[in-house]
Structure formats: structure tokens, C-alpha cells
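[1] Curious how this folds, go ahead:
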Amino acid sequence: MITEFLGLKGIPLTGRFPLKRMDVGHAAVHVTHQPVLWVYARSSISFEPECLKWQIYLLLNGVEFKLKSTNEPNGSPNSRLPVLELPHTDGQTPVLLTDDQIRAYVEDGSCNNVPDEHLLHTIEKQLRISFLTYHLFIPSASLHSANLYFPATTKLISLQQSHHFNRLKASASVEIAKVVSGNHVLDHTHTTLTSWLYARYFPSEEPYECVPVDVDAVDRIAANALSELSANLASNTWILGGDKPTYADACLFAYLYLTLSLLPPSSHLRKRLTGHINLTHYTQRIASDYLKARI
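    Predicted structure coming up:
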């Protein structure tokens, strides 16, 4: 029996499949009078940086919406979370927005408020890989991260969720390696029999296994990025120095907040961040004003 092979003797396989899923596409079959943002979440605040970025972006722009959690992104147009479901009535096909479509919806299609490209690169490349490294690849935090994304309830589901989390880490490791190397395409990746079998029978553009993560190189990138962002913020209220928050603030806040709220006090990245008082106060203020949260 396959269940015995998996160490699940006594658990009827037919009683577990098909697994109950909460795909966004299926969950959207209802009436909603407000936009609904579907995110990875275990509370009223998403723990995933892209999801939190768009959550705080909507809040910064005064958009009223409902927040709903799911760990199944398959119903999203791009198979990723978050996705914004627009208001609709019974019988209407829901309109689902992702990424820059959400921004265009909020800004009435203009998206004129474009932040400095160098600043955005610092946030969405350098700061992002810094957080991903310490969140997913440093044991003090990564052991908790798996349960955030894919909480296991049975041995069978635990096996499936472990596979999903390993795929998530593999994608993150490739993203990190590309930024560290400065190359859009890696020269080589490791190939094992397991990954070859997965690629043979379950073709995907996403990697099946992790590539090495150079933590020391990432730490140097993080130090430079935080110093640059701290100098850029200075004593301003918002990162671009204006009177109102921008898309760049949503991006920056997501990574700073999750660094402070998810990484343990011993984390090297968290210690580096708390060494920049203005960035720490900036994060605490936005969290208090818009999320009613304290960190």
C-alpha cells in the first residue's frame, strides 16, 4: 500500500483525497460589496511580504476592503498571492487583480507616482533577499516559517506541505542567488535524482531544489541597503520625503515590519535594522496607525 510506504499505515488514502482546498477562484463564488484581498495570513496581518505590501498599500490609500486568508494560490490569474477580488453581485464573474493591476485600480489607472528606480531596486531586490534569507534559510526562523505557510494536520498533509514549502524555498534561493551574483540567469544549479524525477513527471518553470545561499554576501547587501534607506528617510515622514505615502512606502514597510515581527531577537538582520532608529520608528508608526499593531 502506498500509505504504508509513506509511513501512514492505517490511514486510508481514499479518505484523504481529494484534499479540501480553498482556491481563490472557487472562494470567489459569492456576493461581495467590498474588494476582497486574498492573502497568506494567520491573523489580520499577512506574514508574506508581497501580501503585506498590497495590504498596507490599500490601507495607506484609504481603500476599504475585506482581508481573507488562503494558502492555495491556484485560483489567482498568475498562480500567486495576493489577489484582489473586486465587488460583484450574484451571477457575475469576479474580476481578480494582481500586482500592478491592484496599483492601477487604486490610482485610477494612472500609476503616475513612480518612485526612484534605484530606491525601489534597493527595497524590492536587496532588502527582499535579505529578509527571505533570514526568514527561510536561517534555522532560528525557518523552522517556524514552514508552519506559517503550510500548517500540517496529518502525516499525509504534512508530507504534501513539506513538498510545497521546499518548492517555495527553492524559488527563493534562486532569486537570492541571482541578486547576489548580479546575473539574471544562473550559470548552473544542482541536479539530483529527486529533482530530475519531479521535472520529468511534473514539468514546471519553478525550480525543484535549492541552490546554495551565500549568507555572508547577503548580510553585506543587507547592511548597505539598510544604511542607504536610513539615510534616504532621514527625519522625513515618508521614504520619498513627500507629505503623503507612496507605493515605495508600502514596499519598504512590508519588509521592515516582517523583519521586526517574524525574525527572532537574535537574528543578525533584525539587529542591523534596530540599529537604524529612524527606520524602526517609521515601521512602528505605520504599524500603529494603519494596522493597529505594536512591535
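[2] The protein: helices as residue ranges?
    For the chain, applying DSSP state H gives helices covering 2-5, 24-27, 49-60, 100-106, 117-121, 128-136, 139-149, 155-181, 193-201, 215-233, 247-262, 268-274, 277-290.
[3] Go through the fifth one and flag the buried ones.
    By neighbour count, with 16 or more other Cβ atoms under 10 Å as the criterion, the buried positions of helix 117-121 are Leu119. (Glycine included, C-beta is placed from N, CA and C.)
[4] same thing with stretch 82-90?
    Per 16+ other Cβ under 10 Å, stretch 82-90 contains these buried residues: 82-86, 88.
[5] what does stretch 63-82 give?
    65, 67-73, 75-76, 81-82.
[6] For that stretch, measure first residue to last.
    With Cα to Cα, to the nearest Å as the measure, the ends of stretch 63-82 fall 16 Å from one another.
[7] just for this protein, where's the confidence low?
    1-31, 109-115, 152-160, 186-208 (pLDDT under 70).
[8] Could you rerun that using 80?
    1-32, 71-75, 91, 109-115, 142-144, 146, 149-164, 184-209 (pLDDT under 80).
[9] Give me the domain ranges for this protein.
    As given by automatic domain parsing, the domain ranges for the chain are 13-106, 116-295.
[10] what distance separates the first one from the centre of its chain?
    For domain 13-106, the gap between its own C-alpha mean and the chain's C-alpha mean amounts to 13 Å (Cα atoms, centre = their mean, to the nearest Å).
[11] circling back to that earlier point, make a markdown table out of the buried residues of stretch 82-90 and add distance to Asp108.
    Converted to a markdown table, those look like this (distance: Cβ to Cβ, whole Å):
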| residue | distance to Asp108 |
| --- | --- |
| Pro82 | 20 |
| Val83 | 20 |
| Leu84 | 15 |
| Glu85 | 19 |
| Leu86 | 14 |
| His88 | 19 |
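[12] I'd like to know which of these is nearest to Thr122.
    Pro82 (22.6 Å; Cβ to Cβ).
[13] residues in contact with that closest one?
    The contact partners of Pro82, by Cβ atoms under 8 Å, 6 or more residues apart in numbering, come to 37-39, 46, 50-51, 54-55, 98, 102.
[14] Tell me how many other residues surround the closest residue to Ser288 other than its chain neighbours.
    Distance criterion Cβ to Cβ, 6 or more residues apart in numbering; nearest residue to Ser288, sequence neighbours excluded, is Arg294 at 6.4 Å. Applying other Cβ atoms under 10 Å, we find 8 residues neighbouring Arg294.
[15] for Arg294, what are its contacts?
    Here Arg294 is in contact with 284, 287-288 (Cβ under 8 Å, 6+ apart).
[16] Which one of the residues you listed is nearest to Ala250?
    Of the contacts of Arg294, the one sitting nearest to Ala250 (Cβ to Cβ) turns out to be Ala287, at 12.8 Å.
[17] The closest one reaches Ala293, doesn't it?
    Yes - applying Cβ atoms under 8 Å, one finds Ala287 in contact with Ala293, separated by 4.5 Å.
[18] So which of these two has more stuff around it?
    Ala287 (20 against 15).
[19] Could you pull up the contacting residues of the more buried one?
    253, 257, 293-295 are the contacts of Ala287 under Cβ under 8 Å, 6+ apart.
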